[in-house]
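Q: Have a look; sequence and predicted model below, questions after that.
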Amino acid sequence: MKKYILASKSPRRIQLLEDFGISAISMPADIIEDSPIINDYISTVMHLALKKAMYIYKHGDIEGYNIIIGSDTVVYNNEILGKPNSKNEAYSMIKSLSGRFHVVSTGIAVIDIDNDIKYVSHVETKVFVKKISEEDILSYINTEEPYDKAGGYAIQGIFGKFIDKYEGSYTNVMGLPKSNILDIISKIK
């Protein structure tokens with residue numbers, strides 16, 4: 001039976017792994033979240049996912065564990081949208097998403113500790129947002145939801161009512177693409 005570490009403090013990602021049938025412990029990676037190439041969101045998420053997993057591989061208490069999973073998710077809409085730090089930033093982000101589509105990209109890094117093998121990939125989902133009224137934007141940014149989420153929203157949260165449709169993985173938009181994770185893990189002997 002494989003034992004897993006998630007290189008994250010995210011309770012949502014731990015819950016997603018459990019939903020996928022994977023029991024993991026949370027071990028946050030103490031890293032600086034830098035971007036190797038400005039606005040190259042694919043390189044960014046893959047770089048950060050691997051950086052998180054490698055931090056735990058090198059500095060974590062990994063004895064007795066077999067697999068480390070690192071991930072990073074960004075919202076890309078002509079630029080990488082991080083987590084808003086203020087109501088003004090949240091307002092600008094949500095306004096920029098209104099009536100348009102954007103891309104949510106998650107980088108996945110899986111380290112097979114036993115065999116010293118690293119797998120790195122990414123998954124993209126196109127998300128289409130309905131036109132959101134000024135009143136609804138102001139109401140939404142006065143909730144707690146936008147402030148600890150990339151792009152200022154959670155598809156599974158309050159913001160879900162503003163999603164028109166999506167193309168790709170729903171769990172990717174939540175922070176971990178199910179089929180990608182399970183595919184990589186199935187390759188580990």
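A: Yep, it's here. Remember, it's a predicted structure, so these values are computed and weren't measured experimentally.
Q: Check the gap between S86 and F162 for me.
A: S86 sits 21 Å away from F162, going by C-beta to C-beta, to the nearest Å. For every residue, glycine as well, the C-beta is placed using N, CA and C.
Q: the strands in the protein, which residues?
A: 4-6, 24-26, 67-76, 80-81, 101-112, 117-129, 163-167 (DSSP state E).
Q: avg pLDDT for the longest one?
A: Within the predicted structure, the mean pLDDT of strand 117-129 is 97.
Q: what's the answer for the third one, then?
A: Here strand 67-76 scores 96 as its mean pLDDT.
Q: ok and that strand relative to strand 101-112, angle-wise?
A: Angle between the axes of strand 67-76 and strand 101-112 is 170 degrees (criterion: axes from the mean of the first three to the mean of the last three C-alpha atoms, to 10 degrees).
Q: Now find how far off-centre strand 67-76 is within its chain.
A: The chain centre lies 5 Å from the centre of strand 67-76; the measure is C-alpha atoms, centre = their mean, to the nearest Å.
Q: Check the first one too.
A: Distance of strand 4-6 from the chain centroid (C-alpha atoms, centre = their mean) equals 15 Å.
Q: Would you mind pulling the contact partners of that strand?
A: Outside strand 4-6, the residues that touch it by C-beta atoms under 8 Å, 6 or more residues apart in numbering are 13-14, 17, 22-27, 56, 60, 62, 65-69.
Q: on that earlier part again, which one of the strands of the chain lies nearest to D183?
A: strand 117-129 (8.8 Å; C-beta to C-beta).
Q: buried ones in the closest one?
A: Residues 119-125, 127, 129 are the ones in strand 117-129 that count as buried (16 or more other C-beta atoms under 10 Å).
Q: So which other helices or strands are in contact with that strand?
A: helix 41-59, strand 101-112, strand 163-167, helix 170-174, helix 178-187 (3 or more C-beta pairs under 8 Å, 6 or more residues apart in numbering; DSSP states H and E).
Q: Okay, the residue lying farthest from the centre of the chain and E89: tell me how far apart.
A: The C-alpha centroid of the chain is most remote from E135, which lies 28.3 Å away (C-alpha atoms, centre = their mean). Look at E135 and E89: by C-beta to C-beta, they are 19 Å apart.
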